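K.L.:
Give the three-dimensional model of this entry:
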Amino acid sequence: MSQKLGLIMALILIVFAAQNTIAAQTLPPAVQWIPQDAVISLELSQPKTLLEFFSGEKATAAITALPAYQKQASTPKFKEFLNLINFLEITLDTDWRTGLAKLTGGGITFAICPEDTVILIIDAEDEDILQKLHEILLNMARSEAEKKEQPNRVASTETEYEGVMAWTFNGEESHTIIGKRFVLSNRPEGLKTVLELRANTGAPNLTSNNAYQTAKLAVKPGAVAAIFANLKPLVQIPNIAQLLEQQSQNPLAALIFAGIIETIRDSNWLALGLHIEENTLLFRASLDGKTVSPTSPVAFAMPGKSGEGTLPNLSVPRRIAALSLYRDLHGFYAAKDDLFPERTSGLIFFENMMGIFFSGRDLTNEVLIETRPEIRLVVAEQEYDPAIGTPQVKFPAFALIFRLRNPEQFNEVAEEAWQKAVGLINFTRGQQAMPGLIIDRPFQGKTKFTVAYFSTSGIEDKTNLEPRFNVRPALAMPGEYLVLSSTDGLARDLIDALHQETEQTLKPLAGTHSLVELEGGQLASILEANRKTLIRQNMVNKGSTQEQAEAGIDMLISLIKLLNSAKLSIGVQEGLTRAQLEMKLNLQ
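P.N.:
So this is what the prediction gives:
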């Protein structure tokens with residue numbers, strides 16, 4: 001009986017000891033080892049999802065098919081890199097994708113803290129492969145240090161925290177391995193802070209930070225990764241503070257970025273979540289800056305009523321980019337004394353020119369008041385008529401589209417101002433004995449519009465024209481819209497698009513004040529059309545050889561081709577400023 005009791009007691013002790021061992025190996029979330037005053041933290045909770053997206057069959061096929069990749073793959077340095085990967089695969093007995101998934105599958109946490117301290121924590125799924133890789137890297141570091149006759153650069157020390165062993169490969173960084181967790185800091189003090197938080201579980205850490213807790217709630221569930229930024233110390237960094245100040249004092253920048261700059265200055269935190277849906281990356285950002293009040297100088301950029309917001313972007317053939325803004329130009333210029341207490345020379349020049357073009361009308365209360373807050377910009381690749389000619393350097397066409405309050409009353413005012421501007425250009429060019437613009441008034445459907453152009457009738461070779469032939473400025477006023485276009489071709493496309501839009505129910509994007517869209521394929525097309533010019537500019541400006549310039553430009557074009565489209569929207573929802581960037585990639 002006593003033998004059986006002893007056996008039972010032994011079994012109980014073994015189970016109890018095993019449970020204690022398991023409990024000892026269970027690590028808290030990595031973010032609990034990040035200091036409370038961290039300025040920026042990145043939590044990659046689903047590394048495998050991100051790894052599959054960027055290294056899966058579709059992505060690998062798309063990247064390896066790029067000419068720039070194939071060219072780079074033939075270089076000696078790239079072959080050395082592949083040899084290193086092959087060596088690691090053989091030594092660790094795994095392929096690089098599986099190995100990387102095992103090394104990072106538990107999550108990655110990265111933080112930037114005060115005093116330029118950086119902390120990286122990687123949770124592996126396989127402790128054995130983590131230890132093996134560290135041993136390989138340790139031996140490589142020792143070998144490299146011995147070659148440079150600096151053997152003391154690689155060292156290991158036992159810390160005062162529960163006998164944890166720490167290493168350094170270069171005498172500066174410091175790292176350790178605790179179970180399946182790899183911890184690294186660029187400074188020994190950073191690793192010490194992490195180990196102190198590990199030892200004292202009750203000490204304040206990043207999860208104790210109220211701003212961090214609130215920001216985490218703003219990230220939608222299912223995020224592959226999340227970023228938290230403490231904005232208060234960031235906006236006080238001299239370079240960032242100076243940049244924000246410069247943008248707010250520049251009239252054009254203040255108009256475009258109105259509300260955004262103020263929100264960044266006002267906010268305590270920023271939260272950013274990354275979501276993946278098929279071939280699409282979705283970045284959703286939130287800031288807690290106060291909602292702009294109706295009496296604020298930047299209220300002109302905020303939809304004031306429920307349901308108000310930017311209009312959807314216009315779609316035209318060969319579109320490269322489109323921008324839609326909610327900006328009350330009348331409110332903007334009426335607040336100019338508050339926005340720009342010291343008027344710049346550029347603003348004074350603008351006011352003087354507008355006084356000439358609009359025959360002395362008050363710019364604020366007689367001109368800008370005629371525009372609605374919905375403003376749109378379209379950029380598109382040009383399609384050149386061989387009968388007119390093709391420039392050597394091909395510029396994209398661009399157009400501004402304004403929505404008018406009283407088009408019947410304002411159309412003639414706009415037409416007069418536009419023709420005065422063309423007349424001034426012709427007068428200036430005439431003084432320099434250069435050819436001027438010829439004005440014509442063609443039709444597009446039932447809409448009559450105005451275009452000015454440089455004649456090519458006296459030019460024999462029309463395949464290599466000067467850059468000025470990219471420009472054929474046009475003014476069109478279809479319905480309640482006013483279109484200022486750099487070319488008549490884009491003006492025609494916009495007239496058709498606006499007529500089509502009026503036949504449908506036009507719904508603003510409620511609460512959204514800024515919307516930007518970019519087409520990767522069309523952007524790559526315009527760059528390819530100007531490839532020779534870009535290579536020459538690269539050689540002149542950077543002193544590159546032709547081979548280097550070609551490689552750089554081709555790499556840029558190849559990367560842009562991977563982007564199908566990008567869409568950025570910014571607005572106010574549920575009392576928070578929210579931004580969403582949607583990037584669709586070409587991974588077919």
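K.L.:
Against Lys567, how distant is Pro373?
P.N.:
In this view, Pro373 and Lys567 are 21 Å apart by C-beta to C-beta, to the nearest Å. Glycine gets a C-beta too; all of them are placed from N, C-alpha and C.
K.L.:
quick one, which of those two is more surrounded?
P.N.:
Legend: neighbour count by other C-beta atoms under 10 Å for Pro373 and Lys567, higher for Pro373 (24 against 17).
K.L.:
If you drop the residues flanking it in sequence, what lies closest to the more buried one?
P.N.:
Asp328 (4.4 Å; C-beta to C-beta, 6 or more residues apart in numbering).
K.L.:
State the pLDDT value of that neighbour.
P.N.:
For Asp328, the pLDDT comes out at 95.
K.L.:
Just give the number of residues close to it.
P.N.:
By other C-beta under 10 Å, the residues close to Asp328 number 23.
K.L.:
now swap in Glu460 and tell me
P.N.:
Counted by other C-beta under 10 Å, the residues lying close to Glu460 total 5.
K.L.:
and if you look at Lys48?
P.N.:
For Lys48, using other C-beta under 10 Å, the count is 16.
K.L.:
can I see the domain layout of this protein?
P.N.:
Domains of the chain are assigned by automatic domain parsing as 30-208, 237-519+567-585.
K.L.:
Turn those domains into TSV, columns for distance to Lys532.
P.N.:
Below are the domains of the chain laid out as TSV (distance: least, C-beta to C-beta, whole Å):
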stretch	distance to Lys532
domain 30-208	17
domain 237-519+567-585	9
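K.L.:
which one of those lies closest to Ala551?
P.N.:
Among those, the nearest to Ala551 by C-beta to C-beta is domain 30-208 (6.8 Å).
K.L.:
Can you check the distance spanned by that closest one, start to finish?
P.N.:
For domain 30-208, the separation between the terminal residues is 13 Å (C-alpha to C-alpha, to the nearest Å).
K.L.:
Ok, stretch 223-233 next?
P.N.:
End to end - C-alpha to C-alpha - stretch 223-233 spans 26 Å.
K.L.:
In it, which residues are buried?
P.N.:
223-231 (16 or more other C-beta atoms under 10 Å).
K.L.:
In helices, which of those appear?
P.N.:
Here DSSP state H is the test, and those give Leu231 as lying in helices.
K.L.:
Now the two most distant members of the buried residues of stretch 223-233.
P.N.:
Longest span within those, C-beta to C-beta: Val224 and Leu231, 23.0 Å.
K.L.:
How about Asp266: what's its closest non-neighbour residue?
P.N.:
Of all residues not flanking Asp266 in the chain, Gly289 sits nearest, at 3.7 Å (C-beta to C-beta, 6+ apart).
K.L.:
can you check Gly479 too?
P.N.:
In space, Gly479 is closest to Thr502, 5.7 Å off (C-beta to C-beta, 6+ apart).
K.L.:
Just the pLDDT for the one you found.
P.N.:
pLDDT at Thr502 comes out at 89.
K.L.:
What about it, how many residues nearby?
P.N.:
Neighbourhood size, Thr502 [other C-beta under 10 Å]: 12.
K.L.:
So it sits against Ile495, correct?
P.N.:
No. Between Thr502 and Ile495 there is no contact, the gap being 11.1 Å when judged by C-beta atoms under 8 Å.
K.L.:
Which helix or strand contains Leu498?
P.N.:
helix 488-502 (DSSP states H and E).
K.L.:
For that helix, which residues meet the burial criterion?
P.N.:
Residues of helix 488-502 classed as buried by neighbour count (16+ other C-beta under 10 Å): 488-499, 501.
K.L.:
Then stretch 268-282?
P.N.:
For stretch 268-282, the neighbour count (16+ other C-beta under 10 Å) marks 269-276, 279-282 as buried.
K.L.:
hmm, who's touching that stretch?
P.N.:
With C-beta atoms under 8 Å, 6 or more residues apart in numbering as the test, stretch 268-282 has contacts from 49-50, 53, 58, 211-212, 214-216, 218-220, 222-232, 283-288, 564, 580-588.
K.L.:
Make a PyMOL selection of the buried ones in those residues.
P.N.:
Here is the PyMOL command that selects only those of these that count as buried (16+ other C-beta under 10 Å):
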select buried, resi 50+53+58+211+212+214+215+216+218+219+223+224+225+226+227+228+229+230+231+283+284+285+286+287+288+564+580+581+582+583+584+585+587
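K.L.:
Quick one: end-to-end distance for stretch 195-210.
P.N.:
In stretch 195-210, first residue to last residue: 23 Å (C-alpha to C-alpha).
K.L.:
who's in contact with the closest residue to Tyr326 other than its chain neighbours?
P.N.:
Setting aside the residues directly before and after it, Tyr326 is nearest to His513 in space (C-beta to C-beta, 6+ apart), at 4.3 Å. Shown in contact with His513 (C-beta under 8 Å, 6+ apart): 259, 301-303, 309-310, 325-327, 570-572.
K.L.:
Okay, and His513 sits in which element?
P.N.:
Assigned by DSSP H and E, His513 falls in strand 512-519.
K.L.:
Tell me which residues of that strand come out buried.
P.N.:
Under the neighbour-count criterion of 16+ other C-beta under 10 Å, strand 512-519 has 512-519 buried.
K.L.:
Relative to Ser457, which of those residues is nearest.
P.N.:
Looking across the buried residues of strand 512-519 and measuring by C-beta to C-beta, the closest to Ser457 is Glu519, at 34.7 Å.
K.L.:
ok but Thr456 is inside a strand, no?
P.N.:
No. Thr456: not assigned to a strand; according to DSSP: H, G, I helix; E, B strand; the rest coil it is coil.
K.L.:
my read: it touches Lys462, true?
P.N.:
Yes. The criterion here is C-beta under 8 Å, and Thr456 meets it with Lys462 at 5.6 Å.
K.L.:
any common contacting residues for those two?
P.N.:
By C-beta under 8 Å, 6+ apart, Thr456 and Lys462 have these common neighbours: 388-389.
K.L.:
returning to what we had before: I'd like to know which of the buried residues of strand 512-519 is nearest to Leu184.
P.N.:
Leu518 (36.4 Å).
K.L.:
From Glu381, how far out is the closest one?
P.N.:
When Leu518 is compared with Glu381 (using C-beta to C-beta), they lie 13 Å apart.
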